[in-house]
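Chemist: Have a look at this fold, sequence not included:
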């Protein structure tokens, strides 16, 4: 399984943008980049995913480097409800192996 | 629409007993996966089912088993419970297989083995 590397923790202030980085230097051409987050006492929540182009949805934006060896999850205006552990995961687009390999993720703290 | 439903939410069992956990995926989702989460090991993949067939299995002993029914509902069973099986067990469903689809997780079943 291709691996991802994320900082252990990050801190942000409320209503400021947050950029969460992820390195995936061994990514293959068929790997999608997925982001999930887990709030305390809840199951993980899907945030966003992409393959090559930058992606936007109501929760966040995903910026993917041109060589695809890194990506950044962008929360445009952090709120206290965004405090969670964020996981960057690679999923093979060909299917056949559906497991999500979770690392330790990045614990995001949002200060009021 | 209804999310992924896991029952029960909490469970206390004694060592040596067995337990069955249930997961109802989002309507129309055919892929169901199970994960174990503990403070020490984090989130670990247990197994994945698609159209009633187990497609992948994680590195867990044979005491952990599962199945999927024709309506995509899934159950996992743990026999001869050990103290180390205490964990949050999470179920996730996806519309189809492949990296282009995201997973929706349930809130989990918190199992405590005493």
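Modeler: Thanks, I have it. Since this is a predicted model, take the numbers as computed values, not measurements.

Chemist: Every contact and neighbour count from this point should use C-alpha atoms.
Modeler: Noted.

Chemist: residues from chain B in reach of chain A?
Modeler: Residues of chain B lying near chain A by CA under 8 Å from any CA of the partner chain: B:33, B:42-45, B:47-48, B:55-56, B:90, B:97-100, B:102-108.

Chemist: ok, of the residues you listed, which come out buried?
Modeler: B:33, B:43-45, B:47-48, B:55-56, B:90, B:97-100, B:102-108 (16 or more other CA atoms under 10 Å in any protein chain shown).

Chemist: Could you point out the helix or strand that follows the lowest-mean-pLDDT helix or strand in chain A?
Modeler: Scoring the helices and strands of chain A by mean pLDDT, DSSP states H and E places strand A:84-92 at the bottom, with a mean of 91. As assigned by DSSP states H and E, the chain's next helix or strand after strand A:84-92 is strand A:106-111.

Chemist: Compute the inter-axis angle for the least confident helix or strand of chain A and strand A:106-111.
Modeler: Counting by axes from the mean of the first three to the mean of the last three CA atoms, to 10 degrees, strand A:84-92 points 150 degrees away from the direction of strand A:106-111.

Chemist: could you say what helices and strands strand A:84-92 packs with?
Modeler: For strand A:84-92, the packing partners by 3 or more CA pairs under 8 Å, 6 or more residues apart in numbering or on different chains; DSSP states H and E come out as strand A:31-38, strand A:106-111.

Chemist: In its sheet, which strands sit next to it, and in what direction?
Modeler: If you go by DSSP bridges, strand A:84-92 pairs up with strand A:31-38 (antiparallel), strand A:106-111 (antiparallel).

Chemist: Mind listing what's buried along the last one?
Modeler: Burial within strand A:106-111, assessed by neighbour count using 16+ other CA under 10 Å, is assigned to A:106-110.

Chemist: where do the strands sit along chain B?
Modeler: Ranges of strands in chain B, per DSSP state E, are B:5-7, B:10-13, B:19-24, B:31-38, B:42-50, B:53-57, B:64-68, B:74-78, B:87-94, B:104-105, B:109-113.

Chemist: Look at the residue nearest the centre of chain A and report its pLDDT.
Modeler: For chain A, the residue sitting closest to the mean C-alpha position, by CA atoms, centre = their mean, is residue A:35 at 3.4 Å. What the model reports for residue A:35 is a pLDDT of 96.

Chemist: out of everything not next to it in sequence, what's closest to it?
Modeler: Nearest non-adjacent residue to residue A:35, counting by CA to CA, 6 or more residues apart in numbering or on different chains: residue A:88, 4.7 Å away.

Chemist: quick one: contacts for that neighbour?
Modeler: A:4, A:6, A:22, A:33-36, A:102-103, A:105 (CA atoms under 8 Å, 6 or more residues apart in numbering or on different chains).

Chemist: most neighbours, which of those?
Modeler: residue A:33 (27 neighbours; other CA atoms under 10 Å in any protein chain shown).

Chemist: Show the contacting residues for the most far-flung residue of chain B relative to its centre.
Modeler: No residue in chain B sits farther from the centre than residue B:100, which is 21.7 Å out by CA atoms, centre = their mean. Neighbouring residues of residue B:100 by CA under 8 Å, 6+ apart: A:32, A:49-50, A:93.

Chemist: just to revisit the earlier point, of all the helices and strands packed on strand A:84-92, which lies closest to residue B:69?
Modeler: Closest approach to residue B:69 among these is made by strand A:31-38 (27.2 Å; CA to CA).

Chemist: what's the following helix or strand after that closest one?
Modeler: Next along the chain after strand A:31-38, taking DSSP H and E as the criterion, comes strand A:45-50.
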